[in-house]
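A.B. asks: no sequence on this one, just coordinates:
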């Protein structure tokens, strides 16, 4: 994959403001998607917008979304013959609080990806298994291979939808505040307060067999 | 405010699954909203769903959303006479990765709030100023009073929409994995990996006047 490969911008993936923050190349879009595991899934129900957080994973140019918080959209996507469900999937990472001298120029540093498209229910068992592995590995890389795989009953009880990455865009803000020149002398502290998700010490289950080793991928987080 | 005060559940704020995780009381809903500053704003444009991350603040039973990433919805909400824009606003905090012995029972611990309603553009200058203060103070409590307030030109250049908290619900998952009894003897580590946003050392602007003290509210983060 070369950086030259890009998603084609469309009217709805072209921001009305701050266009210099937009990116469409696969490398940037995939990196932002791969850095997360919770997306916000938007769809329209009875004419009204609905936004639900749910888990996702990426496999190549496909996003897979889990049914745990989205059983309604998943049912909608799965009606036979599956007409698909129009969705917007957004992933956002907050990297810093941008503190300007002026209230107006306060901002945040972030990386986000917005994907538009039509999602379809995954019915093929092999694809579903691979999708669920990707979901688990997004949450914790290496974990899918180190857990009991789903059985037929569990697979049947799990809904997964697939969304092709075609209409996708990234938006990124980095750097310090953009204060007005006449504000630079004001006595307010200005700069960036970095923020990132930090993982704490693992809490074993009460019923974990004594002596069960803590896997390396846990400490890697 | 007493814990007894609650938002009335509606069809769309009643989850189809895991209803025991849902909560409607003001205290729970407000606490989740107050713990964050980035929401995902969903609306319908040309019949299609759109989900954008944006900053928000809460003042009493009103949410205020910033225009920085949402100029399209803000324009839509602001058409005169303002018919309002139907939105869904979702705030999600991830608290832990829940690692079960089985891939199927993997989950995350989280707190989320979903608000449905019609948003209106804020035109009253006093309300707008208070809303922007709330937005800045959500990002960093105490900061609004310690920055240069917006002037008339900046206020005019900023769009804020208001969403009443009426149809709102929280969803919370806590605790360890719910493994199947027959899986408890499997050799996989199980438990919870806690996660939380952690703030790093503040990075002063290059042009910050030497000796500008670091405000206490920065270190409090």
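C.D. replies: Nice, thanks for sending it over. Predicted, not measured: the structure shown is a model, and the values here were computed from it.

A.B. asks: spatially speaking, which residue is in the middle of chain A?
C.D. replies: residue A:91 (3.5 Å; C-alpha atoms, centre = their mean).

A.B. asks: show me where chain A has helices.
C.D. replies: Using DSSP state H, the helices of chain A run over A:26-34, A:71-78, A:125-139, A:152-157, A:216-220.

A.B. asks: Minimum distance to residue B:25: which of the ones you listed has it?
C.D. replies: Residue B:25 sits nearest to helix A:71-78 of all the helices of chain A, at 23.7 Å, using C-beta to C-beta. (Each C-beta comes from the backbone N, C-alpha and C, glycine too.)

A.B. asks: contacting residues for the residue in chain A sticking out farthest from the centre?
C.D. replies: The centre of chain A is farthest from one residue, residue A:185, which by C-alpha atoms, centre = their mean lies 39.8 Å away. Contacts for residue A:185 (C-beta atoms under 8 Å, 6 or more residues apart in numbering or on different chains) come out as residue B:209.

A.B. asks: so how far is residue A:100 from it?
C.D. replies: Distance, residue A:185 to residue A:100, using C-beta to C-beta, to the nearest Å: 14 Å.

A.B. asks: Can you list the low-confidence ranges for chain A?
C.D. replies: A:1-3, A:67-81 (pLDDT under 70).

A.B. asks: Strands of chain A, start to end?
C.D. replies: Residue ranges of the strands in chain A, as given by DSSP state E, are A:22-23, A:38-45, A:48-59, A:62-66, A:85-99, A:107-121, A:160-164, A:167-173, A:191-199, A:203-204.

A.B. asks: Now do the same contact list for residue A:117.
C.D. replies: A:86-87, A:163-167.

A.B. asks: among the residues you listed, who's most crowded?
C.D. replies: Of those, residue A:163 is surrounded by the most neighbours, 28 neighbours in total, counting by other C-beta atoms under 10 Å in any protein chain shown.

A.B. asks: and the residue nearest to the centre of chain A, bridged to which residues?
C.D. replies: Residue A:91 has these beta-bridge partners by DSSP bridges: residue A:113.

A.B. asks: Now for it: which residues touch it?
C.D. replies: Listed by C-beta under 8 Å, 6+ apart, the contact partners of residue A:91 are A:32-33, A:36, A:38-40, A:56, A:112-113.

A.B. asks: repeat for residue A:7
C.D. replies: The contact partners of residue A:7, taken as C-beta under 8 Å, 6+ apart, are A:13, A:24-26, A:29, A:165-169.

A.B. asks: let's go with 10 Å and repeat that
C.D. replies: Neighbouring residues of residue A:7 by C-beta atoms under 10 Å, 6 or more residues apart in numbering or on different chains: A:13, A:23-26, A:28-29, A:61, A:115, A:165-170.

A.B. asks: among the residues you listed, which ones are buried?
C.D. replies: Those of the contacts of residue A:7 that meet the buried threshold are A:13, A:23-26, A:28-29, A:115, A:165, A:167-170, by 16 or more other C-beta atoms under 10 Å in any protein chain shown.

A.B. asks: if we can go back for a sec, relative to residue B:107, which of the strands of chain A is closest?
C.D. replies: When those are compared by C-beta to C-beta, strand A:48-59 sits nearest residue B:107, at 8.4 Å.

A.B. asks: Tell me the buried residues in the closest one?
C.D. replies: A:48-58.

A.B. asks: Kindly identify which of these also come near chain B.
C.D. replies: By C-beta under 10 Å from any C-beta of the partner chain, the members of those lying near chain B are A:48-55.

A.B. asks: Format the residues you listed as a markdown table; extra columns: distance to residue B:219.
C.D. replies: Shown next, in a markdown table, are those (distance: C-beta to C-beta, whole Å):
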| residue | distance to residue B:219 |
| --- | --- |
| A:48 | 43 |
| A:49 | 39 |
| A:50 | 39 |
| A:51 | 34 |
| A:52 | 36 |
| A:53 | 31 |
| A:54 | 35 |
| A:55 | 34 |
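
A.B. asks: for the residue farthest from the centre of chain A, phi and psi?
C.D. replies: As for residue A:185, its main-chain torsions (degrees, to the nearest 10) stand at phi -90, psi 0.

A.B. asks: separation between the residue nearest to residue A:51 when sequence neighbours are not counted and residue B:131?
C.D. replies: Spatial nearest neighbour of residue A:51, chain neighbours left out: residue B:42 (3.7 Å); criterion: C-beta to C-beta, 6 or more residues apart in numbering or on different chains. For residue B:42, the distance to residue B:131 equals 20 Å [C-beta to C-beta].

A.B. asks: for residue A:129, same thing?
C.D. replies: Separation of residue A:129 from residue B:131 (C-beta to C-beta) stands at 48 Å.

A.B. asks: Those two: which is more packed in?
C.D. replies: residue B:131 (25 against 18).

A.B. asks: list the contacts for the more buried one?
C.D. replies: Taking C-beta under 10 Å, 6+ apart, we find residue B:131 in contact with B:56-59, B:62-66, B:122, B:124, B:158, B:160-162.

A.B. asks: Of those, grab the buried ones for PyMOL.
C.D. replies: The following PyMOL line selects those of these that are buried, judged by 16+ other C-beta under 10 Å:
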select buried, chain B and resi 56+57+58+62+63+64+65+66+122+158+160+161+162
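
A.B. asks: Looking at the contacts of residue B:131, which one is closest to residue B:19?
C.D. replies: Once C-beta to C-beta is applied, the member of the contacts of residue B:131 that ends up nearest residue B:19 is residue B:63, at 24.3 Å.

A.B. asks: Check the spacing between the closest one and residue B:87 real quick.
C.D. replies: Distance, residue B:63 to residue B:87, using C-beta to C-beta: 10 Å.

A.B. asks: Residue A:5 now?
C.D. replies: For residue A:5, the distance to residue B:87 (C-beta to C-beta) stands at 34 Å.

A.B. asks: before we move on, back to that, overlap in contacts of residue B:63 and residue B:87?
C.D. replies: Jointly contacting residue B:63 and residue B:87 under the rule C-beta under 10 Å, 6+ apart are B:39, B:41, B:115, B:117, B:119, B:161, B:163.

A.B. asks: possible to save those as CSV with distance to residue B:106?
C.D. replies: Shown next, in CSV, are the shared contacts of residue B:63 and residue B:87 (distance: C-beta to C-beta, whole Å):
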residue, distance to residue B:106
B:39, 26
B:41, 29
B:115, 28
B:117, 33
B:119, 35
B:161, 37
B:163, 33
